[in-house]
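Novice: Any chance you can model this:
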Amino acid sequence: MMLSEKYSQEEINLYNPAFCATLLFESIREYQSISDKGMHCSLPYLVIPMCVNPQISSFLPNSISTPVAGWVANNEGVLVEFAASATAFILIVDSAINFLIEKRGIDINEEGLFLITDDKVAKKATLISKNTDLNNAYRAAGMLGRWFASASSVESVFAQLGVRP
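Specialist: Numbers count the residues shown, from 1 in each chain. All right, here's what the predicted structure looks like:
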């Protein structure tokens, strides 16, 4: 299914695959800064909807030492519809993943882990730095990458957020 079959042009512009790919790339890069393994292929389906939603991203902890379960317990109201939101983002995340693979920024290994293949990509584009909303989403993407890398397991992250993989 194409994005244009499900979303309006305004939604497609807002969730531009290149921008979401930039967020995902940052998240994977930060994940790999904590874990020597790559990011599990299911985690982008949590990362993108969390980092582009200002109601969620603005409540993210400042430190990866905060347990996901504790954060969820303290922010239940913010996460009420998160499972539905994550489901609604599937095509958007798929487009971002495809963009990164086509541009050879990431690869997926036999274990289903995303790995950065081009580590020469700039840390942050000037356009992102100049826009508060884009910068906040970018910061959240990095935080989520580090946070999820330090979690006990991918399954526990999904369970604690109330999302079925």
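
Novice: Mind checking what secondary structure Leu115 has?
Specialist: Secondary structure, DSSP: H, G, I helix; E, B strand; the rest coil: Leu115 is strand.

Novice: who touches the closest residue to it other than its chain neighbours in this structure?
Specialist: Among residues not flanking Leu115 along the chain, Gly38 sits closest, at 3.9 Å (C-beta to C-beta, 6 or more residues apart in numbering). All C-beta spots, glycine's among them, are computed from the backbone N, C-alpha and C. By C-beta atoms under 8 Å, 6 or more residues apart in numbering, the contact set of Gly38 is Ile28, Tyr31, Gln32, Ile108, Asn109, Glu111, Leu113, Phe114, Leu115, Ile116.

Novice: Excluding chain neighbours, what is closest to the third one?
Specialist: Think Gln32. Using C-beta to C-beta, 6+ apart and skipping residues adjacent in sequence, the residue nearest Gln32 is Ile116, 6.0 Å away.

Novice: For that neighbour, the count of nearby residues, please.
Specialist: Counted with other C-beta atoms under 10 Å, the neighbours of Ile116 add up to 18.

Novice: Please list all residues in contact with it.
Specialist: Phe25, Ile28, Arg29, Gln32, Gly38, Gly105, Ile106.

Novice: Look up how far Ile101 lies from it.
Specialist: Using C-beta to C-beta, to the nearest Å, Ile116 is found at 12 Å from Ile101.
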